[in-house]
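> Just need the structure, nothing else, for what follows:
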Amino acid sequence: MLTIVLLLALLVSFISIIMTVGNALNKTALAKFWALIATASVFTTTFIFIVDSFDLLELRDVNKFATPVNANSEGVYPPGESGQSNGNSGQSNGDSGQFNGNDGARNGNGELSDSRVARIMLLDLFAKRYSGELEGLTAEQRDWLMQNRTLFPASTSDTQAQVRNQAQEVRNLDQVYRSIDRYRQGFIKGTGVVLDKTVDGTTGIQEMQVNVVGPDGGVYLLYYPAVVDLNTGDWVQFYGTPITGKSLRSEFFGTVNSLLVYASYIHR
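Numbers count the residues shown, from 1 in each chain. So this is what the prediction gives:
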């Protein structure tokens, strides 16, 4: 809606320029000069306003990822909540567990430098590529992942226990595939054999993709925001949240359902 209003404002400004210049042509040279100056001023002001407004639109979209979940409107955390940092170390205490590195840290300018937020942004792009759809994560799922981002990956015994306690065991991939919306804001537990893995270091953020075939023949593509030592043929157990699914056509196996899972942790 804001974009339409801005475009209409630019159109009105352009029409005003044409009318003003047209009227000035019938007047004295001095009148023509001041009319042109006034018109140029209106057009320049309108153009600057529109450019600034588009910048605000872009910043609003970025802030969906960059705003701390537990912060208030001024970006300040309540006492005891996560996000309280000491310099650039990113060490944090609070209800959502402890983590180190750049997770949840703020730099010297007070800007959020949360690598877990960046991982969610990469997951959104990966989901679009996986499904071939324009939409990756739903708004509800993105918000849920932001609120639980310290569980991706679950790198401590406490966070792993938290995930295990919430997870629903999946013995048949189709049960999730047919009603995926029921599972998108929670954890599932699955097992299977590793088909292959891909470690992607091009983004500067460690992550890997692991193809796992379950006992029922369904294929899980695990998008894991860390790197672990896995080999083809390994039997693994994994915990994560389903993102989206698709059907794969094979000459040998017919139609096989596949599920993209944002893995919390994987172990052999």
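> just for the stretch 51-200 of the chain, where's the confidence low?
Filtered on pLDDT under 70, the stretch 51-200 of the chain yields the residue ranges 51-113.
> what do you get if the cut-off is 80, keeping everything else the same?
51-114, 200 (pLDDT under 80).
> For it, which segments count as strands?
Listed in chain order, the strands of the stretch 51-200 of the chain (DSSP state E, counting those that start in this stretch) span 105-106, 112-113, 168-169, 188-200.
> Export these as JSON lines, with columns for mean neighbour count and distance to residue 237.
Just so you know, the C-beta spots here come from the backbone N, C-alpha and C atoms, and that holds for glycine as well. Below are these laid out as JSON lines (neighbours: other CB atoms under 10 Å; distance: least, CB to CB, whole Å):
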{"stretch": "strand 105-106", "mean neighbour count": "20", "distance to residue 237": "31"}
{"stretch": "strand 112-113", "mean neighbour count": "18", "distance to residue 237": "32"}
{"stretch": "strand 168-169", "mean neighbour count": "11", "distance to residue 237": "10"}
{"stretch": "strand 188-200", "mean neighbour count": "17", "distance to residue 237": "5"}
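> Any idea which of the ones you listed gets closest to residue 260?
Among those, the nearest to residue 260 by CB to CB is strand 188-200 (12.1 Å).
> any idea of the pLDDT on residue 255?
Residue 255 is assigned a predicted lDDT (pLDDT) of 82.
> any idea how far it lies from residue 236?
Relative to residue 236, residue 255 is positioned 25 Å away (CB to CB, to the nearest Å).
> Can I get the longest strand along the chain as PDB, trimmed to CA atoms?
Criterion DSSP state E: the longest strand present in the chain is strand 235-250. Output of strand 235-250 as PDB, limited to C-alpha atoms (Å, rounded to 0.1, in the frame of the first residue of the first chain):
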ATOM      1  CA  TRP A 235      22.800 -44.900  11.100                       C
ATOM      2  CA  VAL A 236      21.700 -41.600  12.700                       C
ATOM      3  CA  GLN A 237      19.100 -40.200  15.000                       C
ATOM      4  CA  PHE A 238      18.100 -36.600  14.500                       C
ATOM      5  CA  TYR A 239      15.800 -33.900  16.000                       C
ATOM      6  CA  GLY A 240      14.500 -30.900  14.200                       C
ATOM      7  CA  THR A 241      11.500 -29.000  12.900                       C
ATOM      8  CA  PRO A 242       9.900 -29.700   9.500                       C
ATOM      9  CA  ILE A 243      10.000 -26.800   7.100                       C
ATOM     10  CA  THR A 244       8.300 -28.000   3.900                       C
ATOM     11  CA  GLY A 245       8.000 -31.100   1.700                       C
ATOM     12  CA  LYS A 246       7.900 -32.200  -1.900                       C
ATOM     13  CA  SER A 247       7.400 -35.400  -4.000                       C
ATOM     14  CA  LEU A 248      10.300 -36.800  -5.900                       C
ATOM     15  CA  ARG A 249       9.900 -39.000  -9.000                       C
ATOM     16  CA  SER A 250      12.300 -41.900  -9.400                       C
END
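> Against which helices or strands is the helix or strand following it packed?
Next in sequence after strand 235-250, counting helices and strands by DSSP states H and E, comes strand 254-267. Counting contacts by 3 or more CB pairs under 8 Å, 6 or more residues apart in numbering; DSSP states H and E, strand 254-267 packs against helix 115-131, helix 157-166, helix 173-177, strand 219-224, strand 235-250.
> Output strand 254-267 as CSV, restricted to C-alpha atoms.
Output of strand 254-267 as CSV, limited to C-alpha atoms (Å, rounded to 0.1, in the frame of the first residue of the first chain):
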residue,chain,number,x,y,z
GLY,A,254,8.3,-44.4,-8.2
THR,A,255,7.1,-41.4,-6.2
VAL,A,256,9.1,-40.8,-3.0
ASN,A,257,8.1,-38.1,-0.5
SER,A,258,10.8,-35.8,0.8
LEU,A,259,10.9,-33.6,3.8
LEU,A,260,13.1,-30.6,4.5
VAL,A,261,14.0,-30.5,8.3
TYR,A,262,15.8,-27.8,10.1
ALA,A,263,17.9,-30.0,12.4
SER,A,264,18.5,-29.1,16.0
TYR,A,265,21.0,-31.9,16.5
ILE,A,266,22.2,-35.1,15.0
HIS,A,267,24.1,-38.0,16.5
